[in-house]
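Novice: need coordinates for the below:
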Amino acid sequence: MLNTLKNRFEQGHRTSAYPKTPIKLPARYRGLPQVRAQASSELAAECAAACPQEAIDAGRRLIDLGRCVFCGTCERLSESRFVSFSQNFELAVAAKDHLLTGGELPSLAEHAKKHFKKLFGRSLQLRQVSAAGCNACEADLNVLATPFFDLARFGINFVASPRHADGIVVTGPVSRNMKTALLQTYEATPAPKVVIAVGSCALSGGPFRGSAEITEGLDKLLPVDLYIPGCPPHPLTNLHALLTYFK
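Specialist: Numbers count the residues shown, from 1 in each chain. Just a heads-up that it's a prediction; the model follows:
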């Protein structure tokens, strides 16, 4: 017991002070992309053609965050003259149309204040469903339970049964084999309930978009309330989305 207390004293406080204290991610992190409207049409078209996810609308100078996997191809190709990635990890939106952006996103807090904060403000229990995910999004959700993020201190927890949940968090491209299980989980969750799509696969099909074996966007199956883009979304992106939307 004394050794345990000694180790705890030596290690100090490990939990992040976010959101009370701003946190800065490493320089290599790719967050919200910024599109340069003044870039030449030729450069914009070149970046759009090179994008593996067809996420760039060269004509309107917009990027679809639902399709983007943040690979950085457009930034490297244009040498940041058309697209550059900021360190802003606050990427979540409440409507799929808002994922199409040139570098600005609408206020998630304002939408939440009108719809969900009073309903789930004190406690939120979520059931996570991996609908054929690669485990990247799942891992970055699981890490929220570690001492550094300590999601439970905000009254948000992941539970084992949808019958105990206020909503579901879906990752993965929703394969044909997982579709029935996902729909059954949704039906088992008592109303009122929320649906959260996490990662480019759940938002648009991700790298598997175009395959007959997957659903190209969770919103084609269920009414999605919160979209969290990324491949995978950073844990802080997930944390910011949950706290802003529900707390």
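Novice: for the rest of this, base every contact and every neighbour count on C-alpha atoms.
Specialist: Will do.
Novice: tell me the helix or strand right after the worst-scoring helix or strand of the chain on mean pLDDT.
Specialist: Least confident helix or strand of the chain, by mean pLDDT, DSSP states H and E, is helix 117-120 with a mean of 66. Downstream of helix 117-120, the first helix or strand assigned by DSSP states H and E is strand 124-130.
Novice: got the residue ranges for the helices in this protein?
Specialist: 2-11, 41-50, 73-78, 108-115, 117-120, 136-142, 176-188, 200-204, 235-246 (DSSP state H).
Novice: deepest of the ones you listed, which one?
Specialist: Taking mean count of other CA atoms under 10 Å as the contact definition, the stretch among the helices of the chain with the greatest mean neighbour count is helix 200-204, which reaches a mean of 32.
Novice: do you know how far residue 149 is from residue 137?
Specialist: Using CA to CA, to the nearest Å, we find residue 149 at a distance of 16 Å from residue 137.
Novice: let me redo that: residue 171
Specialist: 6 Å.
Novice: shared neighbours, these two?
Specialist: 198-199 (CA atoms under 8 Å, 6 or more residues apart in numbering).
Novice: low pLDDT regions in this structure?
Specialist: Within the chain, the stretches with pLDDT under 70 are 4, 7-8, 10-13, 111-121, 247.
Novice: could you rerun that using 90?
Specialist: Under the criterion of pLDDT under 90, the regions of the chain flagged as low confidence span 1-17, 24, 107-123, 147, 192, 244-247.
Novice: before we move on, the earlier item: quick check: which of the helices of the chain is nearest to residue 89?
Specialist: Taking CA to CA as the criterion, helix 235-246 is the member of the helices of the chain that comes nearest to residue 89, at 5.2 Å.
Novice: show me what the closest one is packed against.
Specialist: helix 108-115, helix 117-120, helix 136-142, strand 226-228 (3 or more CA pairs under 8 Å, 6 or more residues apart in numbering; DSSP states H and E).
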